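A.B. asks: Fold the stuff below for me.
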Amino acid sequence: MMDLAKRVIKQTVNDKRSIMMILVAPLLILTLVYFLLGDSNYKPTVGIEKGSLPEPLVTAMEEQHMHIKKLPSEAFDEPESYLKKHEAVDALFEMNDSSVSITLVESSTKGAKAMTAIQDALADVNPAAKMNISYVYGDADQTLFDSLGYVFLALFSFFLIFIISGMALVRERSGGTLERLLMTPIKRSEVILGYTLGYSVFAVVQAILIVLYAVYVLDLSSAGHIGWIFVMMVLLAIVAVSFGAMISVFARSELQVVQLIPFTIIPQVFFSGLIPLDLIPYHLGNLCYIMPIYYGAAAIKGIMVYGDGFAGIWMYLAGLLGFVLILFLINMQAMKKFRRL
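C.D. replies: Just a heads-up that it's a prediction; the model follows:
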């Protein structure tokens, strides 16, 4: 028993990736969580009509953790239309006699911050006021799954295909299949495109199955055309195949692919939409632009929550296509060392 334990310890110590996963990865992820979930100091912006609120209430609102933006009365004739056009405003607040009306963009962390600030201000001035709350997108009765379902669609599309393709490519290489294949006149680009096309078939099937199940069985609402969701999930899966191929270059076994997940996949989860990017402190939200999953999740959210079509998601499409091209070139270069002629 002791000899077996010593052998396991010796093997683990000699495996640098295992040591990194056991000792360094938890500290890295914990540090990332600390920065991402720390105090963001985000101040919601609340719009009020000029001259319509009692001065004591305005003073109380200014003392809260929020920015006050005084707007013309036209903004409150169609508050939902105004909020759709002005992303910098988190909520519109108006008061009529003993009731108040609050219009929020959506049920989110930013909306919750705006609501809390308004409620704290009302508690100091008119705690008995009746509040009428409405949302531009969604409603107050929606569940957490309704609010964040799009995130899990993107995560499943990316993570599962990445794992399967990365492990399969390592297996092909360790078994000598890849080297034997590259000894033929086949081009490196054809090898990469062949693998990508092969796994894309499964990506299409996966996208259809997941989206249909989420929308028609789990009743996840979608304001936009379901076809665009398929497109984004398939494109995100293609990026995952290319990403898995790149990661497989640095792994000698399937286990090592798993060991790289804390450094490659888990950081991307935090930029998938689970945390609003402008709530992340120290401007770390800008790291989203180097995360493939951000583009897919943001596009799927635009389709499902905001009802966007091509005009609203084309920049995310372009971002994913850019990742496909960059990863293709990296994999082409990496494939050189496996060619033996």
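A.B. asks: can we go C-alpha only for contacts and neighbour counts from here?
C.D. replies: Will do.
A.B. asks: surely residue 316 meets residue 301?
C.D. replies: No - using C-alpha atoms under 8 Å, residue 316 is not in contact with residue 301, being 11.1 Å away.
A.B. asks: in the stretch 201-341 of the chain, which segments are predicted with low confidence?
C.D. replies: 336-341 (pLDDT under 70).
A.B. asks: in a strand, that's where residue 112 is, yeah?
C.D. replies: No - per DSSP: H, G, I helix; E, B strand; the rest coil, residue 112 lies outside any strand segment and is helix.
A.B. asks: residues touching the closest residue to residue 306 other than its chain neighbours, list them.
C.D. replies: Spatial nearest neighbour of residue 306, excluding adjacent residues (C-alpha to C-alpha, 6 or more residues apart in numbering): residue 223 at 6.3 Å. Going by C-alpha atoms under 8 Å, 6 or more residues apart in numbering, residue 223 touches 303-308.
A.B. asks: buried residues in the helix or strand hosting residue 207?
C.D. replies: Taking DSSP states H and E as the criterion, residue 207 maps to helix 188-212. For helix 188-212, a neighbour-count test (16 or more other C-alpha atoms under 10 Å) marks 188, 191-192, 195-196, 199-200, 203-204, 206-208, 211-212 as buried.
A.B. asks: residues making contact with that helix?
C.D. replies: Applying C-alpha under 8 Å, 6+ apart, the contact partners of helix 188-212 are 153, 157, 161, 165, 182, 229-230, 233-234, 237-238, 241-242, 328, 331-332, 335-336.
A.B. asks: for the protein, which helix is longest?
C.D. replies: In the chain, taking DSSP state H as the definition, the longest helix is helix 144-174.
A.B. asks: what's the angle from that one to helix 188-212?
C.D. replies: Following axes from the mean of the first three to the mean of the last three C-alpha atoms, to 10 degrees, one obtains 150 degrees for the angle between helix 144-174 and helix 188-212.
A.B. asks: quick one on the thing from earlier: for ChimeraX, what selects the buried ones among the contacts of helix 188-212?
C.D. replies: Entered in ChimeraX, the line below selects the buried ones among these, by 16+ other C-alpha under 10 Å:
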select :153,157,161,165,182,229,230,233,234,237,238,241,242,328,331,332,335
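A.B. asks: Name the nearest of the buried residues of helix 188-212 relative to residue 109.
C.D. replies: Set against residue 109, the nearest of these by C-alpha to C-alpha is residue 211 (25.4 Å).
A.B. asks: Show me where the protein has its strands.
C.D. replies: For the chain, applying DSSP state E gives strands covering 45-49, 67-71, 91-96, 99-106, 130-137.
A.B. asks: Let me have those in a markdown table, adding mean neighbour count as columns.
C.D. replies: Conversion of the strands of the chain to a markdown table gives the following (neighbours: other C-alpha atoms under 10 Å):
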| stretch | mean neighbour count |
| --- | --- |
| strand 45-49 | 22 |
| strand 67-71 | 16 |
| strand 91-96 | 20 |
| strand 99-106 | 20 |
| strand 130-137 | 16 |
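A.B. asks: For residue 301, give me its contacts.
C.D. replies: Residues near residue 301 by C-alpha under 8 Å, 6+ apart: 150-151.
A.B. asks: cool, and residue 70?
C.D. replies: Residues near residue 70 by C-alpha under 8 Å, 6+ apart: 47-50.
A.B. asks: Show me which of the residues you listed is closest to residue 282.
C.D. replies: residue 47 (26.0 Å).
A.B. asks: if I read this right, that closest one contacts residue 95, doesn't it?
C.D. replies: No - using C-alpha under 8 Å, residue 47 is not in contact with residue 95, being 12.0 Å away.
A.B. asks: how does the protein divide into domains?
C.D. replies: Domain assignment for the chain by automatic domain parsing gives 2-36, 45-137, 144-338.
A.B. asks: residues contacting residue 222?
C.D. replies: Neighbours of residue 222 in contact, by C-alpha under 8 Å, 6+ apart: 215, 303-305, 307.
A.B. asks: between those residues, which is nearest residue 323?
C.D. replies: For the contacts of residue 222, the nearest to residue 323 is residue 303 (20.8 Å; C-alpha to C-alpha).
A.B. asks: correct me, but that closest one touches residue 229?
C.D. replies: Yes - assessed by C-alpha under 8 Å, residue 303 is found in contact with residue 229 at 7.0 Å.
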